[in-house]
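1. Pasted the sequence and its predicted model underneath.
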Amino acid sequence: MSIGKARGVAHVYPISDLSDPRISDYVNLTDVALRRKSEPANGLYIAESSKVIRRALTAGHVPRSVLTAQRWLDEMVELFREFDVPLFVGSAETVELLTGFHLHRGALSAMNRPVELSIDAVVADARLVVILENLVDHTNVGSIFRAVAGMGADAVLVTPECADPLYRRSIRVSMGTVLQVPWARFTSWPGGVETMQRHGFHVAALALDDTAHDLRDFAASPPDRIALVVGAEGDGLRRSTLERVDSVVRIPMRHGVDSLNVASAAAVALYALTEVS
């Protein structure tokens with residue numbers, strides 16, 4: 001296999017054997033059940049696309065290896081020129097056989113997971129954070145991270161059962177902002193509500209409830225520090241969570257629609273709360 005302009009550059013390896021243990025990080029990337037267990041256990045995550053990879057490197061994350069198709073090889077060689085990592089290159093067909101999907105965003109990079117932050121560290125200087133209670137859809141997790149970054153909120157906290165923010169789809173949907181927005185995982189929930197209250201946060205649940213305040217009224221005179229809790233798709237927030245929070249708020253809806261998708265609802269609420277800050 002020709003490696004074009006990159007010929008002679010150290011650490012570039014054409015893929016010739018799909019069973020090569022050096023590329024095991026990229027096997028069966030579409031198997032969600034497998035990857036959500038194996039990636040944290042192996043201390044890695046997968047960054048997909050040149051844009052996301054650049055954000056990961058800018059955030060100081062350490063690459064383990066790179067996988068790319070021939071057409072993007074030169075770009076990846078240049079991007080990883082300062083890193084002592086293997087860069088594996090193969091045809092589009094070979095890469096698809098290995099990963100389980102067609103690679104059309106430039107490249108994949110197996111990255112070492114950064115050291116997990118503590119709740120205390122993440123909220124120390126924060127004024128507005130979002131808590132994700134048991135979200136299982138990685139697309140929604142990534143979308144909320146993107147909204148947090150775009151609206152200027154400070155951090156995201158996730159409950160023990162929430163999907164992994166560093167799963168490939170979450171990172172991709174977030175446009176890499178998962179790698180920039182500080183986040184941490186609670187060790188228990190809903191006990192984490194009291195943790196936030198001890199840190200001086202007003203914990204507000206975004207939910208359909210008879211006791212809910214109109215979001216516009218809540219945003220007109222907001223508390224100094226807000227932790228906004230959003231719930232799992234379908235089931236919404238747990239009753240045990242609603243019983244612990246300081247207030248419940250809802251987005252006023254029209255035309256018989258009772259609610260929005262959780263990611264859309266979080267974005268609307270963040271817009272309302274950051275507009276007055």
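-> Here it is on my side, so go on. All values derive from a computational prediction rather than experimental measurement. Numbers count the residues shown, from 1 in each chain.

2. Quick one: residues contacting residue 265.
-> By CB atoms under 8 Å, 6 or more residues apart in numbering, the residues touching residue 265 are 206, 230, 251, 259. All C-beta spots, glycine's among them, are computed from the backbone N, C-alpha and C.

3. That one belongs to a strand, doesn't it?
-> No. When the secondary structure is assigned by DSSP: H, G, I helix; E, B strand; the rest coil, residue 265 falls in helix instead of a strand.

4. related to what we said a few turns ago, residue 25: which of the contacts of residue 265 is nearest?
-> Distance to residue 25 across the contacts of residue 265 (CB to CB) is lowest for residue 230, with 31.9 Å.

5. quick one: the closest one from residue 272, how far?
-> 14 Å (CB to CB, to the nearest Å).

6. again, but for residue 172
-> Distance from residue 172 to residue 272, counting by CB to CB: 27 Å.

7. now swap in residue 164 and tell me
-> Applying CB to CB, the value for residue 164 to residue 272 is 28 Å.

8. follow-up on the earlier one: compile the contacts of residue 265 into TSV and extend it with columns for distance to residue 62.
-> Putting these into TSV (distance: CB to CB, whole Å) gives the following:
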residue	distance to residue 62
206	36
230	32
251	41
259	41
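
9. So among those residues, which ones count as buried?
-> The neighbour-count test (16 or more other CB atoms under 10 Å) applied to the contacts of residue 265 identifies 206, 230, 251 as buried.

10. Skipping its backbone neighbours, what lies nearest residue 125 in space?
-> Ranked by CB to CB, 6 or more residues apart in numbering and with sequence neighbours excluded, the top spatial neighbour of residue 125 is residue 154, at 7.5 Å.

11. Pretty sure residue 274 sits against residue 149.
-> No. Residue 274 lies out of contact with residue 149 (CB atoms under 8 Å); the separation is 11.6 Å.

12. measure stretch 208-217 end to end?
-> Its first and final residues considered, stretch 208-217 spans 16 Å by CA to CA, to the nearest Å.

13. List the buried residues in that stretch.
-> By 16+ other CB under 10 Å, the buried positions in stretch 208-217 come out as 212, 215.

14. Tell me where the stretch 101-250 of the chain has strands.
-> When assigned using DSSP state E, counting those that start in this stretch, the strands of the stretch 101-250 of the chain occupy the ranges 107-112, 128-132, 155-158, 183-185, 202-206, 213-214, 226-230, 247-250.

15. any chance of those strands in TSV, plus distance to residue 192 and mean pLDDT?
-> Written out in TSV, the entries for the strands of the stretch 101-250 of the chain read as follows (distance: least, CB to CB, whole Å; pLDDT from 0 to 100):
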stretch	distance to residue 192	mean pLDDT
strand 107-112	27	96
strand 128-132	7	98
strand 155-158	7	98
strand 183-185	10	98
strand 202-206	9	97
strand 213-214	22	94
strand 226-230	9	98
strand 247-250	17	96
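
16. could I get those strands as TSV with distance to residue 63?
-> As requested, those are exported to TSV (distance: least, CB to CB, whole Å):
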stretch	distance to residue 63
strand 107-112	5
strand 128-132	27
strand 155-158	24
strand 183-185	21
strand 202-206	37
strand 213-214	46
strand 226-230	32
strand 247-250	42
